[in-house]
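Peer 1: Predicted model follows, preceded by the sequence.
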2 protein chains.
Amino acid sequence: MPDTAIIPTIPTAPVTPAILESLRAIVGDKGLISDDQGKQPFVTDWRGSIVGNAAVVVRPANVEEVSKVVKLCHDNGIAIVPQAGNTGLMGGATPWPSHTGIVLSVGRMNKVLNVDPVGYSMTVESGCVLQTLQETAASHDRFFPLFLGAQGSCMIGGNLSTNAGGVQVLRYGNARNLVMGLEVVLPNGDIWNGLRALKKDNTGYDLKHLFMGAEGTLGIITKAVLKLWPAAKDVATAWLAIRDPQAAIEILSEAHGASEDNVGSCELMSRTCTDMVLRNIPGTQDPLKADTEWFLLLEWTSARPKTEGSEGMSEKMEQFLADQMEAGRVIDAVIAQSEAQARNMWVIRESVAPASRAEGPGLSYDISVSISKVPEFIERGLKAALDILPSIRPYPLGHIGDGNIHFSFMGPKGMDRETLKQYSPAITRAVNDLVTSLDGSISAEHGIGIDKLDELAHYRSRIELDTMRTIKRALDPKNIMNPGKVLRV
Amino acid sequence: MPDTAIIPTIPTAPVTPAILESLRAIVGDKGLISDDQGKQPFVTDWRGSIVGNAAVVVRPANVEEVSKVVKLCHDNGIAIVPQAGNTGLMGGATPWPSHTGIVLSVGRMNKVLNVDPVGYSMTVESGCVLQTLQETAASHDRFFPLFLGAQGSCMIGGNLSTNAGGVQVLRYGNARNLVMGLEVVLPNGDIWNGLRALKKDNTGYDLKHLFMGAEGTLGIITKAVLKLWPAAKDVATAWLAIRDPQAAIEILSEAHGASEDNVGSCELMSRTCTDMVLRNIPGTQDPLKADTEWFLLLEWTSARPKTEGSEGMSEKMEQFLADQMEAGRVIDAVIAQSEAQARNMWVIRESVAPASRAEGPGLSYDISVSISKVPEFIERGLKAALDILPSIRPYPLGHIGDGNIHFSFMGPKGMDRETLKQYSPAITRAVNDLVTSLDGSISAEHGIGIDKLDELAHYRSRIELDTMRTIKRALDPKNIMNPGKVLRV
């Protein structure tokens, strides 16, 4: 969290007893949580690192109630923190400690309203849990391609508000690319009905893209029309020992064509990642005993079932891997021969975060650069961090198809959290300076929230920040909608 | 064009001799066109239906010059019409007759600045002609998937400002989906540098999506980082006689999986379209003598070369078409056996517009609905138009994978343009009312410009229009940037 001395000025109009009664009249008793114990999960962030405040948690049952609640707050200058699953990593959905207004949770609005398999779309309320939507799509022989660690508890409204990423972005794009239409409650309580299931609509400014990625500072997403894709029918998952990160981007570059544009995932891991997982996570197995510093988890996914005698994804991948070994990029590789083997590969990838938590305090940066610059970033970034703290232990990994590296470090052996914290500002500055010099992003997929407020202000140009502020002030002149997140207004 | 009685109020500050000299000091003699003959192509729209005015056409050589010109206009309240290829169909790039300011043409800024085949991107200036960009990508074994009728003369800046569509949207999305970063000159002359080659960047509001589709009313796009894809190596193109539009969407729905998500195009044509082309365009041949009212041009494109003995796109498509005939959706079909045969199929599709011009006056609507509603729209839309003018001759066609129908009509035989024009308002209203009742869009890919200003104002909600106006006023408080387009402010 930024220094408390520079916490942004946010509206502090109180929720008076009269306003509390007006809220109760709108959402009823079961839509209000005002006791401290009940509020606790809504005012504390997922990591437990931000403990905020709220006068009351309001849980409307539908968009009309959201509209009325927002209008009431608007008229009375009461600040609103919109919240879906509250699983974000930057504090965007968690109130500031100085917050005196409400948390507006969309969690009761959790219905799938319509699934259109032929039109490859579904219409949902924003409080739907992501995994429920994946399962709903699957039950219609369709695929909803947003997959990320928190999928069992995060909600689609938050995913869209933060333009979430995950392990399928390479092929399907970020959350914003999975959306055809939105319904949004604006800061004055008006309902914008942009809930159109249209692949093409060139009628004026594209408002939906403004609300996605705004982290609830411009309005509250209440419904969405999501795009669907065909369900996977033939999957090849492989574990590759590779020469270095440069080899990784060359392999990926050639994989697009070789797979007929069916690369689903391409995840880079350093040996330090995999060693850490194998050390800490019971049941994981090294898919390949190879003497290399870098691994790649490569998955190709086709919507066409493999038929007797035809060439499936595995056969195509086998040929491709042979070519890549020939070219010296791949040192050794194994294609999963069973779902269990594929699952093991994915568990290793997904266990890097929990394994790192088991090993002690660390630092992590969610950055992106253009794909071609990934090797240069890794090389120079490692050097910069090691120059500051030579005994720090890097374990870089990332969605390299997106140019997105989770640039992560374990503290030196035996160093406690407080001591490591003293090195953090210098390393953060070095990493972010490097990212910026390479025209990259200091927050590739996690957003800004509270945590990166100062970094955004430091690294973005005056013109860019001014333009964002102009938009914020125009749409939310009273600054009641998630104030003090993303931008200091 | 809307009734001249309701032309929007736009700034009318004149370009004085002193300002003309200031402009000359910025862009030099070769950056200024002030004689009437020279200005003519810049003030007349592509169709010849709008003849506007401009004091001078200014053609800057680089973004710094654009910035200085805009700042000068901003300080003096002079209106600017940004222009790229001026090939739009709605008048968005063409000045109003009452325009007293400048046309700012980006045509001299036409350099490809960088191609990154491994990173699948290229950075270009906004005055690059679209076809040049397609060719540049191809020369690097890459594919830039924006294809539309005007590609030989339209420029990428205009394509992005109008979020252009075309025949590859089904697979790759609209123009906005092909962009990673933008550089834009804002209405006050500031340069926003958002020229990042990033697939992921969650640092605040997504400004680039605001400028795309804004038709130059919020700023002038000067550079873009475009995404590239692997070049096609194996293409199957087929001509299908089909049962009806419902069959078309079912065929497409199943084609996604069967082609391994490699459907490139899926274009629906009525028999009236193909008959009109065969009648008017020399050298075209009916690919299939079939007794049906509806045809589909289906193309599957793979980035993997077909190898000896392996199953290529044609073999997969053959199997698929057999299944679809079995299911009763396809009546007859032929897969092109040569490039010439495939080319003939595409020429038929692309010649519908020129063929219709050869036959006389007509009406056309560029609408979209959700894919599942295409058959209902066609059926009810035809009935509505024929109820008004029973002898009108419909020739619907469209990008059905996008739910986008070019809902077109030839006037009754022998009816002149003026008489047809008397029926136009009633038919337009009936079509647009139907589109709106089906939650569709009255301008799927052509935009609003001047032509649909009144229709947008009529069909969009007050809340939506207010939100757009709020954004316009915030970013362009003096209303100098393409005033009176898209919105009446």
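Peer 2: It's in.
Peer 1: Now tell me what touches the helix or strand where A:Met468 lies from outside.
Peer 2: Using DSSP states H and E, A:Met468 falls within helix A:462-475. Helix A:462-475 has contacts (CB atoms under 8 Å, 6 or more residues apart in numbering or on different chains) with A:186-187, A:210, A:217-219, A:456-457, A:479, A:486-487, A:489, B:186, B:190-194, B:204-205, B:207, B:210, B:467, B:470-471, B:473-475. From N, CA and C alone the C-beta is placed, and that goes for glycine too.
Peer 1: the strands in the stretch 201-350 of chain A, which residues?
Peer 2: Ranges of strands in the stretch 201-350 of chain A, per DSSP state E, counting those that start in this stretch, are A:220-227, A:229-230, A:234-242, A:263-270, A:294-302, A:330-335.
Peer 1: Make sure A:Leu20 is actually in contact with A:Val69.
Peer 2: No - using CB atoms under 8 Å, A:Leu20 is not in contact with A:Val69; the gap is 11.8 Å.
Peer 1: Give me the more crowded residue out of those two.
Peer 2: Using other CB atoms under 10 Å in any protein chain shown as the criterion, A:Leu20 and A:Val69 rank with A:Val69 on top: 25 against 16.
Peer 1: how about stretch A:215-234: buried residues?
Peer 2: A:215-234 (16 or more other CB atoms under 10 Å in any protein chain shown).
Peer 1: before we move on, the earlier item: now the helix holding A:Met468, how far from the centre of its chain.
Peer 2: Taking CA atoms, centre = their mean, to the nearest Å, the mean C-alpha location of helix A:462-475 is offset from the chain mean by 24 Å.
Peer 1: Pull out the CA atoms of that helix and give them to me as CSV.
Peer 2: Provided in CSV are the C-alpha atoms of helix A:462-475 (Å, rounded to 0.1, in the frame of the first residue of the first chain):
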residue,chain,number,x,y,z
ARG,A,462,1.4,13.8,-17.7
ILE,A,463,-0.7,13.8,-20.9
GLU,A,464,-1.8,10.2,-20.3
LEU,A,465,-2.7,10.8,-16.7
ASP,A,466,-4.4,14.1,-17.5
THR,A,467,-6.5,12.3,-20.1
MET,A,468,-7.6,9.6,-17.7
ARG,A,469,-8.4,12.2,-15.0
THR,A,470,-10.4,14.2,-17.5
ILE,A,471,-12.5,11.2,-18.2
LYS,A,472,-12.9,10.3,-14.6
ARG,A,473,-14.0,13.8,-13.6
ALA,A,474,-16.4,14.0,-16.5
LEU,A,475,-18.2,10.7,-15.7
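Peer 1: Any buried residues in it, and which?
Peer 2: With burial defined by 16+ other CB under 10 Å, the residues of helix A:462-475 counted as buried are A:463-465, A:467-469, A:471-472, A:474-475.
Peer 1: just checking, which of the contacts of helix A:462-475 belong to helices?
Peer 2: Among the contacts of helix A:462-475, the members falling in helices (DSSP state H) are A:210, A:456-457, B:207, B:210, B:467, B:470-471, B:473-475.
Peer 1: can you tell me which two in those residues are farthest apart?
Peer 2: A:Ala457 and B:Thr467 (26.3 Å; CB to CB).
Peer 1: Tell me, how many residues neighbour A:Asp286?
Peer 2: Counted with other CB under 10 Å, A:Asp286 comes out at 14.
Peer 1: meant to ask about A:Trp96
Peer 2: 25.
Peer 1: what's the answer for A:Glu445, then?
Peer 2: As a burial measure, A:Glu445 scores 25 neighbours (other CB under 10 Å).
Peer 1: Now do the SS call for it.
Peer 2: State at A:Glu445, reduced to three classes by DSSP: H, G, I helix; E, B strand; the rest coil: coil.
Peer 1: How about the contacts made by it?
Peer 2: Contacts of A:Glu445 (CB under 8 Å, 6+ apart): A:163-166, A:169, A:174, A:366, A:368, A:404, B:200, B:202.
Peer 1: Many thanks, I have nothing further to ask.
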